[in-house]
Structures are given as C-alpha cells and as structure tokens.
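Q: Got a predicted structure here, sequence first:
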Amino acid sequence: MKEPDDIELYNRVANKADDAEEAFNMLYDRLSPHIYRYCRYALGNEALTKDVFQEVFLRFYQSIEPDRKMTNVKGFVIRIARNACLSARTSKHYGLSPLPDEIPTVDPGKSYEQQELLVAFRGAVECLPMQYREPLVLREYDGLSYQEIAELLELSLGTVKIRIYRAKQMIRDQISPALAELIEE
C-alpha cells in the first residue's frame with residue numbers, strides 16, 4: 001500500500017478525519033528531522049533549538065485550516081521554522097553554542113583525516129553568515145530545490161543560486177588550509 005503524501009496527510013488533519021491524529025504524527029515523523037536540523041543550523045544553540053522546534057510544530061498544528069489550499073507542506077513548515085528562528089535570534093536570550101557532533105556525522109570507522117575534514121567542514125558552515133548558511137542548509141541538508149528555496153526565503157532564483165555558490169566558495173576557502181595540512185602529514 002502506497003503511503004499518503006504530505007498534502008493528503010495535511011488534508012486529513014485539516015478536515016478532522018478519523019485518522020487525523022495519526023496523519024499529524026506521520027507528518028511530524030517525516031518533517032521533524034528537517035525542521036530540527038534547520039533550527040539547529042539557524043540558531044546554533046541546542047537548548048534554544050529544542051524550544052523553537054517544539055514551538056514550530058505547535059504553530060503548524062494551530063495554523064491548519066480546512067480552507068487553506070496547501071501545495072507544499074514541508075515548505076510551509078520550514079517557513080514557520082524560519083520565522084520562529086528569526087524571532088528567537090532577536091530575543092535577549094539568544095546565544096550561540098557549537099553545533100552538535102552529529103552534523104555531519106563523524107563515523108568511528110573513518111580515518112582520523114576524514115574526521116578532521118568533517119570537523120573543519122562543520123566549523124566552516126558555522127562561520128558562514130546567515131544569508132549564505134540558510135540557503136546552503138536548505139539545499140544540501142534538506143534537499144529543497146533552488147525554486148523552493150527562492151519562494152521560502154522570498155528571494156529571486158538567481159540570488160539563491162549565487163548565495164549557495166558563494167557559501168560553497170567560503171567553505172572551500174576555509175577548508176583548503178586544513179586539507180593542505182592533512183595532505184602534508
């Protein structure tokens with residue numbers, strides 16, 4: 001049996017179908033890894049990420065209406081997450097902490113050099129200005145298309161492509177010395 005898509009699940013919740021709770025849980029299970037990762041990269045603070053993450057799904061649930069024509073559930077929830085993260089970043093309680101080790105994953109089976117490169121990569125992503133980090137994370141970690149990112153961030157398609165390109169250039173520039181050092185060893 002084919003699993004229902006996000007829009008079908010959204011409609012079940014919106015129309016208060018008999019399986020609305022199950023449908024919302026399925027949406028949560030599908031979207032939560034993407035939303036958590038987005039919030040973590042946007043905020044850089046573990047405790048604040050957890051709070052904002054919960055707030056995002058509460059806002060999402062409260063915003064579900066039968067009259068709303070939903071075309072992209074994931075994009076809609078990411079927009080809620082983006083707004084919640086922007087609000088949290090402007091609050092007086094905002095403070096950065098290092099990203100957790102699981103982004104990207106360090107595999108114990110990998111060589112020391114590979115692990116060092118992953119640490120350098122994670123550090124380079126952390127250092128990116130938000131205007132470059134956000135579209136890069138949405139593209140590379142959440143798998144959104146350039147067009148979806150443009151719509152979500154309310155930017156032109158060309159601007160999104162340029163920002164992602166520049167983000168990759170900045171990461172490359174920052175990692176190059178670490179890579180050269182690893183090669184020399």
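A: Looks like it came in fine. Worth saying up front: this structure is predicted, and the values here are computed from it rather than measured. Numbering: from 1, shown residues only.
Q: domain assignment for this protein?
A: Listed domain ranges for the chain are 1-96, 98-185 (source: automatic domain parsing).
Q: Show me the residue at the heart of this structure, geometrically.
A: Centroid-nearest residue in the chain, with CA atoms, centre = their mean: Tyr38, separated by 2.2 Å.
Q: And the helices in this structure?
A: Applying DSSP state H to the chain gives helices spanning 6-14, 20-43, 46-63, 73-90, 112-127, 130-140, 146-153, 157-184.
Q: re the thing from before, before we move on, what's the pLDDT of the closest residue to the residue nearest to the centre of the chain other than its chain neighbours?
A: Spatial nearest neighbour of Tyr38, chain neighbours left out: Ala81 (5.3 Å); criterion: CB to CB, 6 or more residues apart in numbering. All C-beta spots, glycine's among them, are computed from the backbone N, C-alpha and C. Looking at Ala81, its pLDDT is 94.
Q: ok, now the one 4 residues further on?
A: Model confidence at Cys85, given as pLDDT, is 90.
Q: tally of neighbours for it?
A: Using other CB atoms under 10 Å, Cys85 has 25 neighbouring residues.
Q: what do you get for Gln131?
A: 13.
Q: dump the residue contacts of it.
A: By CB atoms under 8 Å, 6 or more residues apart in numbering, the contact list for Gln131 reads Arg163.
Q: Distance check, it against Tyr61.
A: 30 Å (CB to CB, to the nearest Å).
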